[in-house]
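Make a model of this:
(chains A and B, ligands or ions: 2)
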Amino acid sequence: MTRESPLLPVSDAREAALFFVIGALCFLAALAALTVRGTYVAAAAWGDQIEGEVTVILEDTDMRTAAEVASDIQNLSSVVDARILSRDEIEALLAPSFGPGGLPEGLPVPILIAVQADMSAGDPVPDIERLLRAADLAGDVGAHAGFAGHVRRALSVLRMVGLGAVGLLAATAISVIAFATHAALLARRDIVNVLHLSGAEDRFIAGLFARRFWGLASQAGIGGALAALMVTALIVFSASGRAGVEAELLPRLSLDIWDFLILSSAPVTAGLAARGAARLTVLRALKEMR
Amino acid sequence: MSRVRFDFDDDSAVRMDEVGLNYHDGEDILRDVGLTLPKGSFSFLTGPSGAGKSTLLKLMYLALSPSRGDICLFGRSTRLLKRRDLVTLRRRIGVVFQEFRLLDHLSAFENVALPLRVAGHRLATYQNEVEDLLRWVGLSDRIDARPSELSGGEQQRVAIARALINKPDLLIADEPTGNVDPEMSRKILRLFMELNKRFGTTVFIATHDLALVDEFDRPAYEIHLGRLRGRRRGAAA
Ligand SMILES: Nc1ncnc2c1ncn2[C@@H]1O[C@H](COP(=O)(O)OP(=O)(O)O)[C@@H](O)[C@H]1O
Ligand SMILES: [Mg+2]
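Ligands and ions are numbered 1, 2, ... in the order given. Now for the predicted structure:
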């Protein structure tokens, strides 16, 4: 028989309910944060990509000349890759206009060079235009940067909305946790009172409850974060089978170091919120007791 | 009246000056209470149920602040004391609450040990003391029982042991014989008197059992219409 059982009762139904509430809130907040971040990362990557895309359309020329031009473009310092699209790729690009049956036989198809530029090394468009003039070729250089600007603006709005939503959810979670902790503690007022009248110091009593609710909330938070991790892993797993534009626009849930930071901040935040609320509630109750 | 008093040569355990109390701005429960309990004294507080006995004791064991007046414990005014000093004073006072206030998730042993534990003492230093005290109040075979497994009288004796474990200078007991038969009542009072005689503990007992008060030839006060007055012996008859 132990002669030093914990000064606070092990648990009660009210605390089980509190545990569930905190776990569920942490799950939602962590999942929301991961999803917002994943969506932002995917959209930003997509924006980077189209910003660096340049398409060169060549008319009235042969494949050999086009290949030389492509290799000249490839040698530009601001160009990562330049490649002539095959007829199949062009057909795929034009399929929305011509239907899946393929292009009509004999239709003249321009030669397209897809250029992937590194915009940080300078804009390659003037250089490419100079190359075409030097080779005396008729052609058109189309950059997607203007379109990318729209994507950028949409992204900054997305970031603000996402951060706002996650912030709001986190604030709600913190106040619900604080309130629920406060409610759970009211049932313990008798114990606070007995400890107080037995000569315990305020910070001793507050410390007991702060530790108890820190443990309860951080464990519940770990449970919620683990559930969010599992759901995320499931999404990553099920999305990894797909390819193309579709997958590109899915939230990019990579589960990197940042995602783990987000996941581990949930239990820490929940623990701190419950701990702070417990301390404050107990100290306030003690002040009323004289 | 508004200054802290340090009457270190004052040999009273408790002194109340013109103390008044009302709960939440309600009617006065106590008014103009003046009371001095000399160190080492043993006295009773009587009065019908609802007279304000428990309220007066709560003021004395620092669970309530007076609405008016001042309470000095061991020569120190408690009015402007810091919380830390209030704790120090509380540790010199043992209280037997009318409703016991035992913690049901702790055993009899742990309940009795509570005041030592919250003061930071280690189990090894008090284990024997607690067991001896529980034996002394006749609970040697109930040491590990929970309060809910004990009878009212047994719970009362656990509460008494908890009040005594700190070797208090002042013992305050609120209806300590309320839940036990007359024979056990006498045993408990004799135990308090032994404590008073042996260690010089100041004892103050609230009870509505006037026959018991008359049987033990000690000073007694009574609360009448919110005021405190001395009670003459034999008034029960
Ligand atoms: N916390 C409280 N709030 C308001 N009124 C109270 C409180 N405690 C006691 N009272 C009232 O004060 C009066 C005295 O109560 P109490 O001191 O318990 O009397 P006694 O111990 O003599 O039976 C009663 O009328 C009671 O209803
Ligand atoms: Mg009473």
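
Output the below-cut-off pLDDT ranges for chain A.
By pLDDT under 70, the low-scoring segments of chain A are A:1, A:95-103, A:143, A:145-148, A:239-255.

at 90 what do you get?
Filtered on pLDDT under 90, chain A yields the residue ranges A:1-3, A:9-18, A:32-163, A:165-166, A:169-170, A:172-189, A:232-260, A:262, A:285, A:288-290.

so A:L263 touches A:A225, yeah?
Yes - if you go by Cβ atoms under 8 Å, A:L263 and A:A225 touch, sitting 4.5 Å apart. For every residue, glycine as well, the C-beta is placed using N, CA and C.

From the neighbour counts alone, determine which of the two ranks first.
With neighbours defined as other Cβ atoms under 10 Å in any protein chain shown, A:L263 and A:A225 compare such that A:A225 has more, 26 against 23.

in what helix or strand does that one lie?
Counting by DSSP states H and E, the element that carries A:A225 is helix A:202-239.

how about that helix: buried residues?
For helix A:202-239, burial by neighbour count (16 or more other Cβ atoms under 10 Å in any protein chain shown) applies to A:202, A:204-210, A:212-214, A:216-229, A:231-232, A:235-236.

same question, stretch B:100-116
For stretch B:100-116, burial by neighbour count (16+ other Cβ under 10 Å) applies to B:100-103, B:105-116.

Between the two ends of that stretch, what distance do you get?
Its first and final residues considered, stretch B:100-116 spans 18 Å by Cα to Cα, to the nearest Å.

How about it and ligand 2, touching?
No - interface with ligand 2: stretch B:100-116 contributes nothing (Cβ under 5 Å from the ion), its closest point being 12.8 Å away.

any idea which residue of chain B is furthest from its center?
B:A124 (27.6 Å; Cα atoms, centre = their mean).

Contacts for the helix or strand harbouring it, please.
For B:A124, the element it lies in under DSSP H and E is helix B:123-136. For helix B:123-136, contacts defined as Cβ atoms under 8 Å, 6 or more residues apart in numbering or on different chains pick out A:3-4, B:108-109, B:112-113, B:116-117, B:140, B:142-143, B:158, B:161, B:164-165, B:191.

now the strands: where do they sit in the stretch 101-250 of chain A?
According to DSSP state E, counting those that start in this stretch, the stretch 101-250 of chain A carries its strands in the segments A:111-117, A:139-143.

which ones are touching the spatially most central residue of chain B?
For chain B, the residue nearest the mean C-alpha position is B:I172 (1.2 Å; Cα atoms, centre = their mean). Going by Cβ under 8 Å, 6+ apart, B:I172 touches B:L57, B:M60, B:Y61, B:I93, B:G94, B:V95, B:V96, B:A163, B:F204.

returning to what we had before: report the two members of the contacts of helix B:123-136 separated by the largest distance.
Across these, the longest distance by Cβ to Cβ is 27.3 Å; it joins A:E4 and B:L191.

Look at these two and report which has more neighbours.
Between A:E4 and B:L191, counted using other Cβ under 10 Å, the more crowded position is B:L191 (17 against 13).

among the buried residues of stretch B:100-116, which are in helices?
Taking DSSP state H as the definition of helices, these contribute B:A108, B:F109, B:E110, B:N111, B:V112, B:A113, B:L114, B:P115, B:L116.

Reformat those residues as JSON lines; add distance to A:A16 and pLDDT.
Formatted as JSON lines, these follow (distance: Cβ to Cβ, whole Å; pLDDT from 0 to 100):
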{"residue": "B:A108", "distance to A:A16": "28", "pLDDT": "97"}
{"residue": "B:F109", "distance to A:A16": "28", "pLDDT": "98"}
{"residue": "B:E110", "distance to A:A16": "24", "pLDDT": "97"}
{"residue": "B:N111", "distance to A:A16": "26", "pLDDT": "98"}
{"residue": "B:V112", "distance to A:A16": "31", "pLDDT": "98"}
{"residue": "B:A113", "distance to A:A16": "29", "pLDDT": "97"}
{"residue": "B:L114", "distance to A:A16": "26", "pLDDT": "97"}
{"residue": "B:P115", "distance to A:A16": "31", "pLDDT": "97"}
{"residue": "B:L116", "distance to A:A16": "32", "pLDDT": "97"}
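
all helices of the chain, in order?
By default, I'm working from chain A. A:13-51, A:63-74, A:87-98, A:125-134, A:145-186, A:189-197, A:202-239, A:245-249, A:257-288.

switch to chain B, that's the one I care about
B:53-60, B:83-90, B:108-118, B:123-136, B:152-164, B:182-199, B:210-215.

What degree of burial does residue 157 show, as a neighbour count?
Unless you meant another one, I'm taking chain A. A:V157 has 9 neighbours, counted by other Cβ under 10 Å.

could you do chain B instead?
28.

any idea how far the residue lying closest to it once chain neighbours are set aside is from B:I143?
Take B:R157 and drop its neighbours on the chain: the residue closest to it by Cβ to Cβ, 6 or more residues apart in numbering or on different chains is B:V137, 4.2 Å away. Using Cβ to Cβ, to the nearest Å, B:V137 is found at 11 Å from B:I143.

ok, now B:T46?
34 Å.

neighbour count winner among these two?
Neighbours per residue (other Cβ under 10 Å) separate B:T46 from B:I143, with B:T46 holding more: 22 against 18.

who's that one bridged to?
Judged by DSSP bridges, the bridge partners of B:T46 are B:E222.

ok, the residue nearest to A:L185 when sequence neighbours are not counted - contacts?
Nearest residue to A:L185, sequence neighbours excluded (Cβ to Cβ, 6+ apart): A:T281, at 4.7 Å. A:T281 makes contact with A:T181, A:H182, A:L185, A:L186, A:F209, according to Cβ under 8 Å, 6+ apart.

a markdown table please, covering the helices of chain B and showing distance to ligand 1.
Shown next, in a markdown table, are the helices of chain B (distance: least, Cβ to the nearest ligand atom, whole Å):
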| stretch | distance to ligand 1 |
| --- | --- |
| helix B:53-60 | 3 |
| helix B:83-90 | 19 |
| helix B:108-118 | 23 |
| helix B:123-136 | 27 |
| helix B:152-164 | 16 |
| helix B:182-199 | 18 |
| helix B:210-215 | 13 |
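
Out of these, indicate the one that is most buried.
helix B:108-118 (a mean of 25; mean count of other Cβ atoms under 10 Å in any protein chain shown).

Just want the angle from that helix to helix B:152-164.
With axes from the mean of the first three to the mean of the last three Cα atoms, to 10 degrees applied, the angle from helix B:108-118 to helix B:152-164 works out at 20 degrees.

Compute the inter-axis angle for helix B:108-118 and helix A:189-197.
Angle of helix B:108-118 versus helix A:189-197, following the same axes, to 10 degrees, is 60 degrees.

Helix A:202-239 and helix B:108-118, what's the angle between them?
Interaxial angle, helix B:108-118 versus helix A:202-239 (the same axes, to 10 degrees): 100 degrees.

in the sheet, who's paired with B:L170?
In beta-bridge terms (that is, DSSP bridges), B:L170 pairs with B:I93, B:T202.
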